[in-house]
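Asker: The sequence and its predicted three-dimensional model are supplied below.
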Amino acid sequence: MEKIHSSIGHHYIVEASGCDPKIIGCIEKMQQILVKAAEKAGAQVWSISFNRFPPNGVSGVIVISESHISTHTWPELGYVALDIYTCGDHVDPEKAVEYAVQEFKASVSHITEITRGIDEGDKIFYHSFVTWEEDVEIGKAEAIKRIKKIK
């Protein structure tokens, strides 16, 4: 069967809610989690840059040979914005998403997967997307308790 179309990459946009503020407010922990997420996806890490921003959030980017992983956290809200973009067929970005959300101790994650660079053979590229929400292992009450602790 002939392949009708191909794509360049997959971009996951993750909204992780109810995260543990102690984890997502720590530069070292966030860096460790996202480097391990890249490894779990089968990606090769090239460069790492993480910084704190006022009052206590973390921003970071990991350049991987397949593209990038980036994040921005709001510990006071228990919220993480996470982007994982990979090119090629030899990595599994879903493994990175699953690992990171679990390690953030998120209660709920809202995920959008964008298939990027779709080509039907005419070199005119487009994208498609699908969105879903997942309840993660802790409950809403525990997530609210975590957020109230740091306020």
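Answerer: Yep, it's here.
Asker: can you pull the buried residues of the helix or strand where residue 99 lies?
Answerer: Residue 99 is part of helix 93-103, with elements assigned from DSSP states H and E. Under the neighbour-count criterion of 16 or more other Cβ atoms under 10 Å, helix 93-103 has 93, 94, 95, 96, 97, 98, 99, 100, 101, 103 buried. For the C-beta atoms, the positions are set from N, CA and C on the backbone; glycine is no exception.
Asker: try stretch 24-33
Answerer: 24, 25, 26, 29, 30, 31, 33.
Asker: And for the first one, nearest residue in space, chain neighbours not counted?
Answerer: Closest residue in space to residue 24, ignoring its immediate chain neighbours: residue 73 at 4.2 Å, by Cβ to Cβ, 6 or more residues apart in numbering.
Asker: What is the neighbour count of residue 133?
Answerer: Neighbour count of residue 133, defined by other Cβ atoms under 10 Å: 10.
Asker: Now do stretch 37-50, average pLDDT.
Answerer: The pLDDT scores in stretch 37-50 average 97.
Asker: now the top helix by length along the chain and helix 93-103, what's the angle there?
Answerer: The residue-count maximum for a helix in the chain (DSSP state H) belongs to helix 27-41. Helix 27-41 runs at 150 degrees relative to helix 93-103, counting by axes from the mean of the first three to the mean of the last three Cα atoms, to 10 degrees.
Asker: who's in contact with helix 27-41?
Answerer: Contact partners of helix 27-41, identified using Cβ atoms under 8 Å, 6 or more residues apart in numbering, comprise 23-24, 44-45, 48, 50-52, 58, 60, 62, 64, 69, 71, 73, 84, 86, 91-97, 99-100, 103-104.
Asker: what about 7 Å?
Answerer: With Cβ atoms under 7 Å, 6 or more residues apart in numbering as the test, helix 27-41 has contacts from 23-24, 45, 48, 50, 52, 58, 60, 62, 64, 69, 71, 73, 86, 91-93, 95-96, 99-100, 103.
Asker: just checking, next helix/strand downstream of that helix?
Answerer: Helix 27-41 is succeeded, C-terminally, by strand 45-53 (DSSP H and E).
Asker: now the helix or strand just after that next one, how far from the chain's geometric center?
Answerer: For strand 45-53, the following helix or strand on the C-terminal side (DSSP H and E) is strand 57-64. With Cα atoms, centre = their mean, to the nearest Å as the basis, strand 57-64 stands 10 Å off its chain's centre.
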